[in-house]
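Novice: With the sequence up front, the predicted model follows.
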Amino acid sequence: MRLSDDGHDRGQMLLATGMVLLMSLLSMANISVRLVGLGEPYDMAEGDVLRTVDEVETQIPELVEARARMMIIDGVPAQQAVEQAVNSTTQDLYHHGMLRGLDVVLLTETIESNVGGSFFVNASLGIADDETRIEVPIRLVVQP
C-alpha cells in the first residue's frame, strides 16, 4: 500500500521556487545599490583632507626655510640647500600622511633663484584618502 505524498511534494517545490526567486531579487538589489554609488563625486567636505591641506600650507614655508638655513650654516651651497630642504620635507610629508591614513605627495616642479638670494619653489600638493582627493598648487619664497 502506498501513501500519497503529492500534496507535500507540491508544497516543497513551491517553497523552493519562492526561495530561488527571493535570492535572485536580493542579489539584484545588492548590485543596484553598488551601481548607484559608482557615480558619486568626491566629497570635498571631508575633514581630514582639508585639515591636512591647511596644516601643510601654513607650515611648509617655515619648515623649508629653516631646513635650508641649517644646511647653509653647515656649508652647503644655497641652491643645493633649498633643493635638499624641499626633498626632505617631501619625504617627511609622505611619512606623516601614512601615519594619518592619507596619501600626501609634494611634487616639485621648479626651484628658481633670484638675484636677491631668495628662491622660488613651485610645487603641487596632492592629498588623498579612500574617498577624497585634492590637488593644490604651492608657491614658496625661500629666503635662506
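Specialist: Nice, I can see it.

Novice: Could I get the contacting residues of the residue sitting nearest the centre point of the chain?
Specialist: The centre of the chain sits closest to Ala128, judged by CA atoms, centre = their mean, with a distance of 1.4 Å. Residues in contact with Ala128 (CB atoms under 8 Å, 6 or more residues apart in numbering) are 49, 102-103, 134. In short, each C-beta sits where N, CA and C put it, glycine included.

Novice: Can you tell me which of those has the most neighbours?
Specialist: When neighbours are counted by other CB atoms under 10 Å, Val49 leads these with 23 neighbours.

Novice: any idea how far the closest residue to that one other than its chain neighbours is from Gln80?
Specialist: The shortest distance from Val49 to any non-neighbouring residue, by CB to CB, 6 or more residues apart in numbering, is to Thr132 (4.6 Å). From Thr132 across to Gln80, the span is 36 Å (CB to CB, to the nearest Å).

Novice: okay, these two: which has more neighbours?
Specialist: Legend: neighbour count by other CB under 10 Å for Thr132 and Gln80, higher for Thr132 (17 against 12).

Novice: By mean pLDDT, point me to the weakest helix or strand of this structure.
Specialist: Within the chain, no helix or strand scores below helix 6-38, which has a mean of 75 by mean pLDDT, DSSP states H and E.

Novice: That'll do, ta.
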